[in-house]
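Student: how would this look folded up:
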Amino acid sequence: MSEWKLLSWKSLSILLTLILIPFIISLVANYTTWLRTRDEVEITMKLDGWITIGAIQGNDISDLKLTYKDQAVGNAMKVSWRLINTGSKGIPAFEQPPAIAYPRDLKVIEPRISETSPLLKVGRQPRVLPGLGWIVVDSLGVFNPGDFIRLDVFVLDLPASEISANYFSNWDFVVKSVDLRKRIDLSSQVHSTETGREAQLIESNMWLLRSLAFGIILFAVVNILLLGRVRKEMKL
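Tutor: Numbering: from 1, shown residues only. Here you go, the predicted model:
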């Protein structure tokens, strides 16, 4: 019986160790993340989707005609972007207003803001600067964490034969503010309102779950080895 009691105490101490160590490490990681991101200023330009009208190259429907201001158009695309404050700190003003930079060989027309977060104030619609290849979004109010705008951009006479997320890899984001970090996300068309800090905390919690799972598996292996050793000693 003493051997089994010893095994129980050993198993309990190993279990507590394997559970407490990942938990303590996770607390330290979360606290470090909080210290690093509590004053983080970040804006993300996120691809939200696109749709094309007309054939990209050639036109199989002879009766289909597209025009823009009485000018014939071969095809058109509407691409939507979201500009999101993914940081943990509001931006009261920009040194240089946000601008989406597109390839200058594209014909971009009539950008417009189609959606905003409820409390965000926008003074006027965006404007195109063809010489720079910029779509400037100025007259924004205070840009608080989680605030966003959805910007629809219209492109005429696309030169490409196929449109995918990679097609937008040479688009850029220009913006200036104190300690501001910018990010471009082409990975998904699904919008997330999580801030950068929340996303990092979720990753830390996922790491904790993986650590606990590893600890439980390791505990089971060590327990089996101890049980085999005790049985061998009892036979002796």
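Student: Mind listing what's buried along the lengthiest strand in the chain?
Tutor: For the chain, the longest strand by residue count, based on DSSP state E, is strand 41-53. Judged by neighbour count (16 or more other C-beta atoms under 10 Å), strand 41-53 contains these buried residues: 41-48, 50, 52. C-beta here means a position set from N, CA and C on the backbone, and glycine is covered the same way.
Student: my read: Leu106 touches Val155, true?
Tutor: Yes - with contacts counted by C-beta atoms under 8 Å, Leu106 reaches Val155, the gap being 5.3 Å.
Student: Report the beta-bridge partners for Leu47.
Tutor: Trp81 (DSSP bridges).
Student: what sits against it?
Tutor: Neighbouring residues of Leu47 by C-beta atoms under 8 Å, 6 or more residues apart in numbering: 79-81, 165, 168, 185-186, 189.
Student: likewise Trp50?
Tutor: Listed by C-beta under 8 Å, 6+ apart, the contact partners of Trp50 are 77-80, 163.
Student: Nearest to Ile149 among the residues you listed?
Tutor: Closest approach to Ile149 among these (C-beta to C-beta): Ser80, at 10.6 Å.
Student: From Lys182, how far off is the closest one?
Tutor: 18 Å (C-beta to C-beta, to the nearest Å).
Student: Ok, Ala99 next?
Tutor: From Ala99 over to Lys182 the distance is 11 Å, taken as C-beta to C-beta.
Student: ok, now Gly131?
Tutor: Taking C-beta to C-beta, one finds Gly131 at 22 Å from Lys182.
Student: neighbour-wise, which of the two wins?
Tutor: When neighbours are counted by other C-beta atoms under 10 Å, Gly131 and Lys182 differ, and Lys182 comes out ahead with 18 against 7.
Student: Quick one: work out the angle between the helix or strand where that one lies and strand 41-53.
Tutor: Using DSSP states H and E, Lys182 sits in strand 180-185. Orientation of strand 180-185 against strand 41-53 (axes from the mean of the first three to the mean of the last three C-alpha atoms, to 10 degrees) gives an angle of 30 degrees.
Student: Burial check on the residue nearest to Gly141 when sequence neighbours are not counted, number of neighbours?
Tutor: Counting by C-beta to C-beta, 6 or more residues apart in numbering, Lys121 is the residue found nearest to Gly141 once chain neighbours are left out, at 3.4 Å. Here the number of neighbours of Lys121 (other C-beta under 10 Å) works out to 10.
Student: ok, now which ones touch Lys121?
Tutor: Shown in contact with Lys121 (C-beta under 8 Å, 6+ apart): 140-142.
Student: Adding distance to Glu110 and neighbour count, write these out as JSON lines.
Tutor: Listed next are these as JSON lines, based on distance: C-beta to C-beta, whole Å; neighbours: other C-beta atoms under 10 Å:
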{"residue": "Leu140", "distance to Glu110": "19", "neighbour count": "21"}
{"residue": "Gly141", "distance to Glu110": "23", "neighbour count": "15"}
{"residue": "Val142", "distance to Glu110": "27", "neighbour count": "13"}
